[in-house]
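> give me a 3D structure for the following:
(chains A and B)
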Amino acid sequence: MRLLPPALIAATLVALPLVGCKKPAGDPRGRPVVLALSSDPDHLNEYLDDAIPTADVLYRVMLHLMEEQPDYAAGPPVFKPQLASSWTYSADSLQITFHLRDDIYWSDGAKTSAYDVAFSHDAAIDPAVGWSGSDTKRFITAVVPVDSFTVRYSYSRAYPYQLMDANDGLVLPAHYWSKVPRDAWSADTTFDARPICNGSYRVEQWARGQQIILTRNERAPADLQPAIGRAVFRIIPDGVNRLNQLRSGEVDAVEGVPFKDVPTLKADDKLTIVSFPYFGTESIAWNNESPIFRDVRVRQAMALAIDRQQLIDAALSGFGIPAVAPMPKGIWTYDSSLVAERNRVDTVRAGQLLDQAGWRQGPDGGLRRKDGKPLEFMLTTSSTSTDRIQATEMMQQMLRRIGASAKPEPVELQTLRAKLRSGDFSAAVIGLRNATQPTLAPAFSAANIGAQNYSRYRGTDVARLDSLAASERNLARARPAFLDLQRRIMADEPMTFLYQRLRVNGYNHELQNVQMNSLSFCWNLNRWSWTE
Amino acid sequence: MLPYLLRRLLGAVPLLIAVLTLTFIALRLVPGDPLDRLADNPRATPAMIQRERLRLGLDRPLPVQYLRFLKAYATGDLGTSFSGRRPVAQMIAEALPVTLLIGGLALIVELSVGIALGLLGALNRGRPLDTALGVGTLAVHAMPSFWLALMLILLLAIRLPLFPPSHLHAIGAENWSAGRRLLDLGWHLILPVAVLGLGSAAATARLVRTSLLEQLGQDYLRTARAKGLSERQAVVRHGLRNALLPVVTLIGLSVPAVVSGAVIVETIFSLPGMGRLAVTALFARDYPVVLATTAVAGATVVLGNLLADIGYALVDPRIRLTGRR
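Numbers count the residues shown, from 1 in each chain, chains lettered A, B, ... in the order given. Coordinates of the predicted model:
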């Protein structure tokens, strides 16, 4: 057998790079924008896959009834027309009638109609479909098309988030999905291969695990037409590679920049770096049923020993804001006065509380003891988050100052979740994602022990008070109700809230009109454009 | 040979059932629940999670779940992914070709480079070239693949943009001709295949060198030289063939790795292969996908051993595949 001469191999290696290029320069459809995604969608149907990366793609190619605006600080979000051009409430507010645009076409030529809206609601609540957000529809009793472009939602009660609950979940093309049995939706591959879209973009190509190419939806009305004709979502699971490709210009936008890399990226004049509070709170869940932490004074003492700002400065490189209550900054039920009131370090008071609880320090200092047993426990956390592990180790030192021994115990994420669910832990450092619709019941209602009430808290009638606050339509009365409930819960210190992370994203400085927010890093992608 | 092969393949069936049964039990013993993924979803209520548990059949007793799983596998149904909610067979069908392509090319690199370097080392025993090869192969073998991958990307894709840093194709390749796409694919595979292949090639080179050195002192090589064969002819035609027996064992062991994928390389280079599929499923406690990837891995272990046995017979005609003692 003759082997390839080395010269031929060398020539091939030199020639290979010429066949491809970073971006298709001279693309007749214009310069595409390339966005990095950490994972690939499983389906292009929100009711089967509502992961965040999926929503990032799907919300560009399919429409909601309305466009949710990312402003939650003053009250429930404002909605702007999208598929619905307007909406009206009935006198008792138990019905909302949506008037749809009549110029929205699916990419196969059919018109998007009220029947699509009613069909999508029906699918959203069907257990055979199994949408994780199905319970957001629990107060909607009926969705009825009045005519082709008018649809009426009926509710069992009036509350501030009626619009949000109606808007959750995309509108699907009924003429396609009605032909597929609901329990067979997940096995359907035709739609994923040729999705029917009605948004600013349509899916041109989806190479699983590789990329999703969106191209301008020519059928979209002028006001929905995107400024950039093509958007490519590249699936890049490795965080280091995502950043490398942002810096080299392979991709134009990346979300979730590690804090340690921010100074380097900020120094790069080809990039723009933005940050905003993430709707998630880091906290310590004290197991309220454990022998040590069933005493509220012990939980309060621990909270007083923790210096939140020190954690933020060291573990998050400063990219965080102190958190002391379940509601995060950016939500209208957040109260900054709580931070001033509760964000303090007072080891003397902490020591007094522990003394009162019977945990006494010997004459030599050191570990406190009660009935001969030392004040020591495991501080369990997920091994996947390096900054959370660092924060846990710092808290070990902080708690040591008041005579408590907290041993960091990093475990695999699923193992941590199993421990939290079963109550097989003493204290756990966890991250909680906050809903944009304020509610305290999931994390603190006794009915949710074994589910999302990780601290196994049984105090205060959370479920009832939360329901009362959530159903109050007058926000001037609802806000104090939520604040009061937060104060009641925090007085029991079932969890100690630590900080809220900032989300740091980066994008090519040649892009303009970019608005990245807690909803999505490509929230207004159809309005992005390239500078001349 | 055919009856032997059939017997071996039939014998693999109970082995595979045992592997799957153990995996099924182990998955239930490790902490975690497939529905824990919904715990982070603020919209998923406990009632919804319970409905999902019923829909997936996770409320049934374990023996019932096991029997349903066995029955489904007997009919060729690999089930539906719990987290991805897609047919598992489809997910495997998408991931396997990528892994086979990368793993197969890496195996070719491993063998060709490894055998060539091993041969060079043995023929230059004690000389500076042998020493350099020994140090070089040891250094490459000792490098963690993630580090090597990131360094190659940094140097050859970012600083000196000769190769693409990830993916199978460049942006825009979907509009290119088949030939150009093929070249583009080759260009994209150079770095991941190099990372996977070179580390193993270093180990193969050391194995071949040692094995060949043992053969060089054998009588049959002296006879071959005495018959008038040149040193090169004697070593390549006779010595190398015998020295390759341990390499055949290595190939048998490498086949399962080729099919199971290399999670680190796949993740770093954004390649949607079996390794990433299996590890992601394991972290999500996606039982159907973990079981299916285990089944594929188990089957390739059997296949790898079978191929190794066939390889022995091809390399050494004294070995017969009768299956009888």
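
> residues contacting residue A:159?
Contact analysis of residue A:159 by C-beta atoms under 8 Å, 6 or more residues apart in numbering or on different chains lists A:139, A:470-473. Using the backbone N, CA and C atoms, a C-beta is placed for each residue, glycine as well.

> ok, now residue A:77?
A:68-71, A:164, A:436 are the contacts of residue A:77 under C-beta under 8 Å, 6+ apart.

> how about a cut-off of 6 Å?
By C-beta atoms under 6 Å, 6 or more residues apart in numbering or on different chains, residue A:77 lies in contact with A:68-69.

> so for residue B:35, what's the pLDDT?
Per-residue confidence at residue B:35 stands at 89 (pLDDT).

> thinking again about what came up before, out of the contacts of residue A:159, which are buried?
Buried subset of these (neighbour count, 16 or more other C-beta atoms under 10 Å in any protein chain shown): A:139, A:470, A:472.

> now those in TSV, with secondary structure, distance to residue A:175 and pLDDT?
Below are the buried ones among the contacts of residue A:159 laid out as TSV (DSSP: H, G, I helix; E, B strand; the rest coil; distance: C-beta to C-beta, whole Å; pLDDT from 0 to 100):
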residue	secondary structure	distance to residue A:175	pLDDT
A:139	coil	29	96
A:470	helix	37	90
A:472	coil	41	90
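
> what about whatever residue of the stretch 201-325 of chain B ends up closest to chain A, which SS state?
Chain A sits closest to residue B:272 of the stretch 201-325 of chain B, with a gap of 2.3 Å, by C-beta to the nearest C-beta. What DSSP: H, G, I helix; E, B strand; the rest coil gives for residue B:272 is coil.

> hmm, it is touching residue A:209, no?
Yes: between residue B:272 and residue A:209 there is a contact under C-beta atoms under 6 Å: 2.3 Å.

> which one of the buried ones among the contacts of residue A:159 is nearest to residue A:80?
If you rank those by distance to residue A:80 using C-beta to C-beta, residue A:139 comes first, at 22.9 Å.

> who touches residue A:330 in this structure?
Contacts here follow C-beta under 6 Å, 6+ apart; on that basis residue A:330 touches A:72-73, A:277.

> and the gap between residue A:425 and residue A:499?
21 Å (C-beta to C-beta, to the nearest Å).

> could you do residue B:246 as well?
Taken as C-beta to C-beta, the span from residue B:246 to residue A:499 is 57 Å.

> before we move on, what about residue B:235?
Distance of residue B:235 to residue A:499, computed by C-beta to C-beta: 67 Å.

> pull the number of nearby residues for whichever residue of the stretch 351-500 of chain A sits closest to chain B.
Nearest to chain B, among the residues of the stretch 351-500 of chain A, is residue A:414, at 3.2 Å (C-beta to the nearest C-beta). Residue A:414 sits with 21 neighbouring residues when counted by other C-beta atoms under 10 Å in any protein chain shown.

> what sits up against the host helix or strand of it?
Per DSSP states H and E, residue A:414 falls inside helix A:413-422. Residues from elsewhere that reach helix A:413-422 (C-beta under 6 Å, 6+ apart): A:382, A:384, A:425, A:450, A:454, B:31-32, B:36, B:39, B:285.

> repeat for stretch A:289-304
Identification of contacts with stretch A:289-304 by C-beta under 6 Å, 6+ apart yields A:286-288, A:346, A:349-350, A:353-354, A:356-357, A:377, A:426, A:456, A:492-493, A:496.

> any idea how far residue A:264 lies from chain B?
Distance of residue A:264 to chain B, given as C-beta to the nearest C-beta, to the nearest Å: 13 Å.

> which stretch of helix or strand covers that residue?
In this assignment (DSSP H and E), residue A:264 forms part of helix A:262-266.

> helix or strand next in line after that helix, which one?
strand A:271-286.

> do that following strand and chain B meet?
No: Strand A:271-286 is not in contact with chain B by C-beta under 6 Å from any C-beta of the partner chain; minimum separation 8.7 Å.

> who are the packing partners of the helix or strand harbouring residue B:137?
Residue B:137 belongs to helix B:128-142 when elements are defined using DSSP H and E. Judged by 3 or more C-beta pairs under 6 Å, 6 or more residues apart in numbering or on different chains; DSSP states H and E, helix B:128-142 is in contact with helix B:88-123, helix B:178-216.

> of all those, which one is nearest chain A?
helix B:178-216 (4.1 Å).

> for the residue nearest to residue B:88 when sequence neighbours are not counted, helix, strand, or coil?
Leaving aside its sequence neighbours, residue B:88 sits nearest to residue B:78 (C-beta to C-beta, 6 or more residues apart in numbering or on different chains; 4.0 Å). Three-state call for residue B:78 (three-state DSSP): coil.

> tell me the helix or strand right after the helix or strand of chain B with the lowest mean pLDDT.
Here the helix or strand of chain B ranked lowest by mean pLDDT, DSSP states H and E is helix B:245-260, holding a mean of 79. Using DSSP H and E, the helix or strand that follows helix B:245-260 in sequence is helix B:263-268.

> what packs against the very next helix or strand once past that following helix?
Moving toward the C-terminus from helix B:263-268, the next helix or strand (DSSP H and E) is helix B:274-283. Counting contacts by 3+ C-beta pairs under 6 Å, 6+ apart, helix B:274-283 is packed against helix B:88-123, helix B:263-268, helix B:287-315.

> how about a cut-off of 10 Å?
For helix B:274-283, the elements it packs on are helix A:413-422, helix B:88-123, helix B:245-260, helix B:263-268, helix B:287-315, judged by 3 or more C-beta pairs under 10 Å, 6 or more residues apart in numbering or on different chains; DSSP states H and E.

> nearest to residue B:48, out of those?
Across the helices and strands packed on helix B:274-283, residue B:48 has its closest neighbour in helix A:413-422 (15.6 Å, C-beta to C-beta).

> next, the buried residues of the closest one.
A:413-421.

> would TSV of those residues with pLDDT be doable?
Formatted as TSV, those follow (pLDDT from 0 to 100):
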residue	pLDDT
A:413	91
A:414	90
A:415	92
A:416	94
A:417	92
A:418	92
A:419	94
A:420	94
A:421	91
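
> tabulate these in TSV, adding columns for distance to residue A:144.
Output for the buried residues of helix A:413-422, formatted as TSV (distance: C-beta to C-beta, whole Å):
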residue	distance to residue A:144
A:413	43
A:414	43
A:415	47
A:416	45
A:417	40
A:418	44
A:419	46
A:420	42
A:421	40
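
> farthest pair in these?
In the buried residues of helix A:413-422, two members sit farther apart than any others by C-beta to C-beta. They are A:413 and A:421, at 12.6 Å.

> now the stretch 201-350 of chain A against chain B: closest residue?
residue A:209 (2.3 Å).

> contacts for the helix or strand encompassing residue A:469?
Assigned by DSSP H and E, residue A:469 belongs to helix A:462-471. Helix A:462-471 has contacts (C-beta atoms under 10 Å, 6 or more residues apart in numbering or on different chains) with A:139, A:157-161, A:333, A:437-448, A:453, A:460-461, A:477-486, A:488-489, A:494.
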